[in-house]
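Engineer: Predicted model, plus sequence, below.
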Amino acid sequence: MGLTYRDYLREELFPQMWCAGCSHGISLTAVARAMAALKLDPAETVVVTGIGCWGKADDYFKTHSFHGTHGRALSFATGIKVANPRLKVLVLMGDGDGVTIGGNHFIHTARRNIDVTAVITNNFNYGMTGGQYSSSSPEGTISTTSLYGTAEPGFDICELARAAGATYVARTTPYHVTQMDKLLAEAIQHKGFSVVEIISSCPTFFARYNYKVTAVEMMRLFKERAVDRERYDALTAAEKAGCFLTGRLHREEKEDFHTKYARLQQQAKARAEREVV
Amino acid sequence: MILQKKPESRLMQGNEACAEGAIAAGANFYAGYPITPSTEIAEIAARRLPETGGRFIQMEDEIGGMAAVIGAAIGGAKAFTATSGPGFSLKQENIGYAIMAEIPCVIVNVQRLGPSTGVATAPAQGDVMQARWGTHGDHPVIAFSPSSVRETFDLTVKAFNLSEKLRQPVIILLDEIVGHMRENIIVPAPESLEIVNRERPADGVDYKPYADDREVSPLASFGDGHFFNITGLFHDEQGFPTTDPIRVKNQLLRLHQKVENHRDEIIITEEFGTEDAVLTVVCYGCSARSARQAVKLAREEGLPVGFFRTATIWPFPYEKIAALTRSARTLLVPEMNMGQLIAEVERAVKGRAEVAGANRFDGELITPQEILVRIKELI
């Protein structure tokens, strides 16, 4: 079709609504580039979001778009995909939507191996409501609801996804745009539940409260702290805590829910036909 | 199981009639979470839908079940879910979403005794107001409350038809009595049923899913080739968010008007003996069965008692109730709760008649004798 990434975006709405220095714009165009690279038909593509900063991303896509309730994006997406398996469904969620309020739906979507792609921008806090901690905030996080630091550890989203049954899992950062493009395209192409976690900067809240750095310095931090599997495995536990393990972390071929269900449906139909007198 | 192609008399449970009515109406998607006393609906949907080319998915909770129903509906399916009080509470946020985004779907609530976990296997009519105001904000609601197995079948078909026509979720408030009761019913032949399918936009038109100048716009499915946004935010004609006060106000007014404009089609009532009654019993759902018998017994004793039953809880038939006071000076409202719909009856009569309740809320069916005693006290 010869579409470029710009053909998937409603650029007339730009500039984007996100804060100066927020990395969501980088992630947004990376998703659009992956769509273009895979030549996705916009008429067969659905972008589903929940609530939050990244939850506003659906507004910017020229595909079908669905902006659901907080935490339930994967359940809406499950309904869309199960009702019409032909559609390519991308689910854009933050760490709040994805693994906090929506944590239950996340593990069950992974377990079922529903053929949708979750793109989770993880900025370790609730940006939209002014910087409260989420279930991915590391222990000790300073936020507007944890002035003395959090007393709870954060989820490792990729480990959670893999343990729950996701068949494609990857992590990247907004500094590693080439890698982000590649992983997103791989994930979207993957048959089964795929998860790409994008470690993200919230310069307005999380970065300011915790790293006490600017948006530019956050990018430098992503550059320095992102390590691949080989380097990561050689680190001590203390060193690992300050790093982001990036790259494709898991991929397996496993029949997805829709393929299995279609087979059961055929069996049920055949049985019903036999029984009609 | 032997499937008959011809209409037949069948001994059927209310929950079964609900599931069969849904399938007869063209339902091809179910998502939900099992809960007593509604579970048979899920079980029947799980067996029957794949046989007829439909799909069933058991979700991880009721919230996900309601979300999947909405997703499936915009994917082109006729979708429904069933639950009971605690699960109905969990579905509320997404029911509001479906009202706001105008997504057709059907939600069945087989009421049980609450509050909270209550008595899971006992009947009640305690969710009348939850059906009306359970989700936040001002919103229109359509809710039916059948009193028999056959009526459950018919109202389920009607619920799907109205939801497709008006792009409005429709609630069926069953209760444990009607849901689990078995009656011999004639299942209507499929060709005898009027089935309504949502209007779809023509190819190539400049499609607006929320056109300002239409009461209800056609609804395209994802994958149909029309591009638009679906959101729970107030939105413009294409479905994209807006905070413009004029748009916000007009959208909310239109949502209400599309239901109000079809009141006559939505509201189903039956009555007898009301034209010369001194006291009329106003009832709905399972307690209407006892009320009918009580009125019959009273009239056999020569008492001037009328019977008025509404199968439509929301919108409420205010005008018809008000008309009852032309003859009756007392309206008796039996309910299996501490008095919910009685307040709407009071709103309807505006003091022109005495309004009294006959209430039972211990998990046992209110009996005709109990209602008869109240009739004699009040007449």
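Structural biologist: Alright, I've got the coordinates. Numbering: from 1, shown residues only, chains lettered A, B, ... in the order given.

Engineer: The residue in chain B that chain A sits nearest to and residue A:91, how far apart?
Structural biologist: Distance from chain A to each residue of chain B (Cβ to the nearest Cβ) is smallest for residue B:71, at 2.5 Å. Quick note: C-beta positions are derived from backbone N, CA and C, even for glycine. To residue A:91, residue B:71 is 11 Å away according to Cβ to Cβ, to the nearest Å.

Engineer: To what extent is the residue lying closest to residue A:257 once chain neighbours are set aside buried, counted in neighbours?
Structural biologist: Leaving aside its sequence neighbours, residue A:257 sits nearest to residue A:112 (Cβ to Cβ, 6 or more residues apart in numbering or on different chains; 4.6 Å). Residue neighbour count, defined by other Cβ atoms under 10 Å in any protein chain shown, stands at 22 for residue A:112.

Engineer: How about the one 5 residues further on?
Structural biologist: The local packing count at residue A:117 equals 24, with neighbours defined by other Cβ under 10 Å.

Engineer: Next, give phi and psi for it.
Structural biologist: phi -110, psi 120 (degrees, to the nearest 10).

Engineer: ditto for residue B:305
Structural biologist: Per degrees, to the nearest 10, the backbone of residue B:305 is at phi -120, psi 130.

Engineer: Any idea what it is bridged to?
Structural biologist: residue B:279 (DSSP bridges).

Engineer: shared neighbours of residue B:71 and residue A:91, anything?
Structural biologist: A:48, A:77 (Cβ atoms under 8 Å, 6 or more residues apart in numbering or on different chains).

Engineer: Show me what the host helix or strand of residue B:246 is packed against.
Structural biologist: Assigned by DSSP states H and E, residue B:246 belongs to helix B:245-260. On a contact count with 3 or more Cβ pairs under 8 Å, 6 or more residues apart in numbering or on different chains; DSSP states H and E, helix B:245-260 meets no helix or strand.

Engineer: Would you mind checking the average pLDDT for the helix or strand that comes right after that helix?
Structural biologist: Later in the chain than helix B:245-260, the nearest helix or strand by DSSP H and E is helix B:263-266. Mean pLDDT, helix B:263-266: 98.

Engineer: Tell me which residues of helix B:263-266 come out buried.
Structural biologist: Buried residues in helix B:263-266, counted by 16 or more other Cβ atoms under 10 Å in any protein chain shown: residue B:266.

Engineer: mind listing what the helix or strand that it is followed by pairs with, with the direction of each?
Structural biologist: Using DSSP H and E, the helix or strand that directly follows helix B:263-266 along the chain is strand B:269-272. The strands beside strand B:269-272 in its sheet (DSSP bridges) come out as strand B:305-310 (antiparallel).

Engineer: other SSEs contacting the helix or strand just after the partner strand?
Structural biologist: Per DSSP H and E, the first helix or strand lying C-terminal to strand B:305-310 is strand B:312-314. Applying 3+ Cβ pairs under 8 Å, 6+ apart, one finds that strand B:312-314 contacts helix B:128-133, strand B:142-144.

Engineer: For these, give me JSON lines that also has mean pLDDT.
Structural biologist: Compiled in JSON lines, these are given as follows (pLDDT from 0 to 100):
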{"stretch": "helix B:128-133", "mean pLDDT": "98"}
{"stretch": "strand B:142-144", "mean pLDDT": "98"}
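
Engineer: Need the winner for burial among these.
Structural biologist: Among those, strand B:142-144 has the highest mean neighbour count (mean count of other Cβ atoms under 10 Å in any protein chain shown), at a mean of 26.

Engineer: Send me the following helix or strand past it as CSV with only the CA atoms.
Structural biologist: The helix or strand immediately downstream of strand B:142-144 is helix B:149-166, counting by DSSP H and E. Extracted C-alpha coordinates of helix B:149-166, given in CSV (Å, rounded to 0.1, in the frame of the first residue of the first chain):
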residue,chain,number,x,y,z
VAL,B,149,-40.6,-18.5,32.0
ARG,B,150,-42.3,-17.6,28.7
GLU,B,151,-42.1,-13.9,29.4
THR,B,152,-38.4,-14.3,30.2
PHE,B,153,-37.9,-15.7,26.7
ASP,B,154,-40.0,-13.0,25.1
LEU,B,155,-38.4,-10.1,27.0
THR,B,156,-34.9,-11.4,26.2
VAL,B,157,-35.7,-11.2,22.5
LYS,B,158,-37.2,-7.8,23.0
ALA,B,159,-34.1,-6.7,25.0
PHE,B,160,-31.8,-7.6,22.2
ASN,B,161,-34.1,-5.9,19.7
LEU,B,162,-34.3,-2.7,21.6
SER,B,163,-30.6,-2.7,22.3
GLU,B,164,-29.8,-3.0,18.6
LYS,B,165,-32.4,-0.4,17.6
LEU,B,166,-31.4,2.2,20.2
